[in-house]
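Enquirer: Could you work out the structure for the sequence below:
(2 chains)
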Amino acid sequence: MRKFYLKNKIIFLLLLIISLIGILTYQDYGIGIEEHFQRKSGFYWLNFLLNYTDFEILKETSQLKLNEIETFTPRLFSIEKLGFYGILFDVPLAFIETLFKISEPQNYFFLRHLTIFFFFLISSFCFYRIIQIRFNNINLALFGFIAFIFSPRIYGNIFFDNKDIFFLSMVTINMFFFIKYLRKENKLNLIIFSMFCAMSTTSRIIGLLIPLSFFILIFLEYLSSKKLKEFLIKVLIFIFAFLIMLIIHWPYLWTLNFEQFKNFFEPFFFAMNPTVFFNGNFYQSKFLPISYIPIFIFISTPVFILLLFSIGFLQHIKRVFNRFINIKEKLSNYDFDFWRSKSEKFDFFLFLNFLLILILYFAINLALLSGWRHFYFLNFFIIFYSCYCLNYIFLNFKKILLKKIFLITLIILSVFLLYNNYKYHPFQSSYFNSFISNKYKKNFEIDTQSLSRVHAIKELLNEDGDLLIGTASYTPLEDARSLIPKKHWHRLNFVGTNYERANFIFTNFYYEVNTKYNKKYEIPENFSLYKSLIIDGTRIYSIYKKK
Amino acid sequence: MKLFAYKSLFISLLIFILYQATIGYTTRNIETKIYNTISKEKTKLVKDKLRSEIRAGLEKDQILSKDDAKLINNFLEKITLEIKDAK
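Expert: Now for the predicted structure:
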């Protein structure tokens, strides 16, 4: 144990430093667009679960909280309609809020922010361990750890996004338990892995691809080894543990009738179909070009990570293809066709997962919006393949001088990565890489999570007197109050698009309608620009003041 | 048997890629174009334009020229006659 700590002291130091940075800066971030809904979902399911118990006081407090949410934010979707969201994050937080009677909005939202931040840090440590186990190289694992956390779009979300970042974290932890299972293939590790697969599935339904990949993997294993009994035992144990875990921690399943089970996947495709501004054009969310996610990843991931990922992924495809063309009916010296070692088996498992995600994306017309945040779990694959590429380069560079030059370049690029996070703070979620010019950035939605609204209101509070604030974008501005001290609430009046009553208008240039035809968000002529926040040429938000 | 299974899987994957890169891509492109052309805002714009044109027409003393009025009248009479005959 002591040896482990000594060997890994740099990672613990890094974890400490990042924790400190997080604790010192988490209050700089605004409130995410989904947070109120997530909190409501937490209380709804907490109430549901408490109804099976005798904790009357808790039941009462929790019901009061739910009523308060309904009154304070009446426009939120009903949970009955979107009840399929997992409860792993929201219910424990709702329980803590109820148990400790946290009533100040700032406190319970900051608690949520800190929790998701630390949960992500735990998953980052798992990522570090995955790279360390897979490549047996601590330096590479450290690079992976830093790239995994500090990819700006990801870092910008780890303080408030308890849906997409939670899923990314869950996938990472899931993969960690898979590599643990591979190291020691026993029943206990298989059960733990399958339980985490269930948790990934409830966090986002796309998590179901992990168990699916696992089945494909063990089927291929069976084709090579012909050990039918072993194969069946694995399948049975996995399915049993997976289903048990799924039923236990997903109360949504308890509410379904036979008819709903028959159409199990239908609710997951519910979409509002707002207008999405992408690449200079307006599209319906359900009918976006297929290039939507690839382009967003391409323009908002650091260039060197993109390059490493592309090389790494292509290199791995080449390896899989080579294994494929060399398959023979009878095995010679090896047990399996697609892998020769546990490390290679792990790579192949990730490849299957990634392939299934690609197939799903291209085969199904998904309703998308908000950039690639619903696909942030791909950060796991992007950084893994970047590490794969680096490992390949280090193994194939013969000259030590070349290795040193490459290492120095990598350190410089990592420093730039950290600098970009500093430059964009606290709007790292609006980061664009150098592939895209400042002028071209205006062709994309930026503050899709409405993070800037708290920042803008704090700015306006510097003005004297009552504030009548209009909104010229698809942003529930009034929800920003949750992170504004209550003593200021009486000064804040939100008038929506009723601009005649407003003395200030806020916009983060995020619209749900085609503004070429629909003029509801047009700034009236009697308003002039009061303040604009532009970071690195990226326009985050603007405030207009009545002349 | 094993090789057959692998080859089948590989060929299915190839067919999928080929389909998506050709037919799938084209249909999706067309679908995207159609649905985005007839979006809610655009339909509303056309409706509003029609309404404003009708309003502008109502404000004029005469909407049609005498020749056009005569032509449309003849056309409608002929159509009415044909409909009656069909009974």
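Enquirer: Can you list the buried residues in the lowest-mean-pLDDT helix or strand in chain B?
Expert: Lowest mean confidence among the helices and strands of chain B (mean pLDDT, DSSP states H and E): helix B:40-59, at a mean of 87. Buried residues in helix B:40-59, counting neighbours by 16 or more other C-beta atoms under 10 Å in any protein chain shown, are found at B:41-42. C-beta coordinates here come from the backbone N, C-alpha and C atoms, glycine included.
Enquirer: ok, and does that helix reach over to chain A?
Expert: Yes. Using C-beta under 8 Å from any C-beta of the partner chain, helix B:40-59 reaches chain A at B:41-42, B:44-45.
Enquirer: With just CA atoms, put that helix into PDB.
Expert: The C-alpha coordinates for helix B:40-59 follow below in PDB (Å, rounded to 0.1, in the frame of the first residue of the first chain):
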ATOM      1  CA  LYS B  40     -42.800  26.700 -38.400                       C
ATOM      2  CA  GLU B  41     -41.300  30.200 -38.800                       C
ATOM      3  CA  LYS B  42     -41.100  30.000 -42.600                       C
ATOM      4  CA  THR B  43     -44.700  28.700 -42.800                       C
ATOM      5  CA  LYS B  44     -45.800  31.600 -40.500                       C
ATOM      6  CA  LEU B  45     -43.900  34.000 -42.700                       C
ATOM      7  CA  VAL B  46     -45.700  32.800 -45.800                       C
ATOM      8  CA  LYS B  47     -49.100  33.000 -44.000                       C
ATOM      9  CA  ASP B  48     -48.300  36.500 -42.800                       C
ATOM     10  CA  LYS B  49     -47.200  37.600 -46.300                       C
ATOM     11  CA  LEU B  50     -50.500  36.200 -47.700                       C
ATOM     12  CA  ARG B  51     -52.500  38.100 -45.100                       C
ATOM     13  CA  SER B  52     -50.700  41.300 -45.700                       C
ATOM     14  CA  GLU B  53     -51.200  41.000 -49.500                       C
ATOM     15  CA  ILE B  54     -54.900  40.300 -49.000                       C
ATOM     16  CA  ARG B  55     -55.200  43.300 -46.700                       C
ATOM     17  CA  ALA B  56     -53.300  45.500 -49.300                       C
ATOM     18  CA  GLY B  57     -55.700  44.200 -52.000                       C
ATOM     19  CA  LEU B  58     -58.800  45.100 -49.900                       C
ATOM     20  CA  GLU B  59     -57.600  48.700 -49.600                       C
END
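Enquirer: what's next to it, contact-wise?
Expert: A:275, A:282, A:513-514, A:516-518, B:63 (C-beta atoms under 8 Å, 6 or more residues apart in numbering or on different chains).
Enquirer: how about the residues of the stretch 301-450 of chain A that lie near chain B?
Expert: So far as C-beta under 8 Å from any C-beta goes, the stretch 301-450 of chain A lies against chain B at A:324, A:327, A:329, A:337, A:359, A:362-363, A:365.
Enquirer: Can you tell me the closest non-neighbouring residue to the residue of the stretch 351-500 of chain A found nearest chain B?
Expert: Proximity of the stretch 351-500 of chain A to chain B (C-beta to the nearest C-beta) peaks at A:F362, 4.9 Å away. Closest residue in space to A:F362, ignoring its immediate chain neighbours: B:Q20 at 4.9 Å, by C-beta to C-beta, 6 or more residues apart in numbering or on different chains.
Enquirer: how about the residue of the stretch 351-500 of chain A closest to chain B, what does it touch?
Expert: Residues near A:F362 by C-beta under 8 Å, 6+ apart: A:290, B:20, B:24.
Enquirer: What's the local residue count around residue 64?
Expert: Because you didn't say which chain, this covers chain A. Residues lying near A:L64 (other C-beta atoms under 10 Å in any protein chain shown) number 13.
Enquirer: wrong one, chain B
Expert: B:L64 has 13 nearby residues by other C-beta under 10 Å.
Enquirer: Pretty sure it sits against B:I72.
Expert: Yes. B:L64 is in contact with B:I72 according to C-beta atoms under 8 Å; the separation is 7.0 Å.
Enquirer: rewinding a little: next one: the residue of the stretch 351-500 of chain A closest to chain B, what pLDDT does it get?
Expert: Here, the pLDDT recorded for A:F362 equals 90.
Enquirer: How far off centre is the helix or strand harbouring it?
Expert: Following DSSP states H and E, one finds A:F362 within helix A:342-363. The chain centroid and the centroid of helix A:342-363 are separated by 19 Å under C-alpha atoms, centre = their mean, to the nearest Å.
Enquirer: next helix or strand past that helix?
Expert: helix A:378-396.
Enquirer: Mind checking what helix or strand follows that following helix in sequence?
Expert: helix A:400-424.
Enquirer: which residues are in contact with that next one?
Expert: Residues contacting helix A:400-424 (C-beta under 8 Å, 6+ apart): A:143, A:146-147, A:150-152, A:155-156, A:302, A:304, A:390, A:393-394, A:397, A:428, A:430-431, A:535-536, A:538.
Enquirer: 6 Å instead?
Expert: A:146, A:150, A:152, A:155, A:302, A:304, A:397, A:428, A:431, A:535-536 (C-beta atoms under 6 Å, 6 or more residues apart in numbering or on different chains).
Enquirer: Same list (those) but as a markdown table, adding distance to A:L76 and pLDDT.
Expert: Shown next, in a markdown table, are these (distance: C-beta to C-beta, whole Å; pLDDT from 0 to 100):
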| residue | distance to A:L76 | pLDDT |
| --- | --- | --- |
| A:I146 | 37 | 96 |
| A:F150 | 33 | 97 |
| A:P152 | 29 | 96 |
| A:Y155 | 28 | 97 |
| A:P302 | 35 | 96 |
| A:F304 | 41 | 95 |
| A:F397 | 55 | 81 |
| A:Q428 | 27 | 96 |
| A:Y431 | 29 | 95 |
| A:I535 | 30 | 95 |
| A:D536 | 33 | 93 |
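Enquirer: which of those residues lies closest to chain B?
Expert: A:Y431 (27.3 Å).
Enquirer: Are we agreed that A:K545 is in a strand?
Expert: Yes. Counting by DSSP: H, G, I helix; E, B strand; the rest coil, A:K545 is found in a strand.
Enquirer: Skip the chain neighbours and tell me the closest residue to it.
Expert: Residue nearest to A:K545 in three dimensions, not counting chain neighbours: A:Y530, with 3.8 Å by C-beta to C-beta, 6+ apart.
Enquirer: what does the host helix or strand of that neighbour contact?
Expert: Using DSSP H and E, A:Y530 sits within strand A:527-535. Contacts with strand A:527-535, where a contact means C-beta under 6 Å, 6+ apart, come from A:424, A:427, A:505, A:540-547.
Enquirer: Closest to chain B out of those?
Expert: A:I505 (21.3 Å).
Enquirer: ok, for A:T507, nearest residue in space, not its chain neighbours?
Expert: Here the residue nearest A:T507, using C-beta to C-beta, 6+ apart, is A:A472, at 4.0 Å.
Enquirer: give me the number of residues near that neighbour?
Expert: Close neighbours of A:A472, defined as other C-beta under 10 Å, add up to 26.
Enquirer: and it, what pLDDT?
Expert: The model reports A:A472 with a pLDDT of 96.
Enquirer: residues in the stretch 101-250 of chain A within reach of chain B, list them.
Expert: A:L223 (C-beta under 6 Å from any C-beta of the partner chain).
Enquirer: separation between whichever residue of the stretch 101-250 of chain A sits closest to chain B and B:Y6?
Expert: Proximity of the stretch 101-250 of chain A to chain B (C-beta to the nearest C-beta) peaks at A:L223, 5.0 Å away. Remark: distance between A:L223 and B:Y6 (C-beta to C-beta, to the nearest Å) = 7 Å.
Enquirer: and if you look at A:D447?
Expert: In terms of C-beta to C-beta, A:D447 sits 48 Å off from B:Y6.
Enquirer: Those two: which is more packed in?
Expert: With neighbours defined as other C-beta under 10 Å, A:D447 and B:Y6 compare such that A:D447 has more, 27 against 16.
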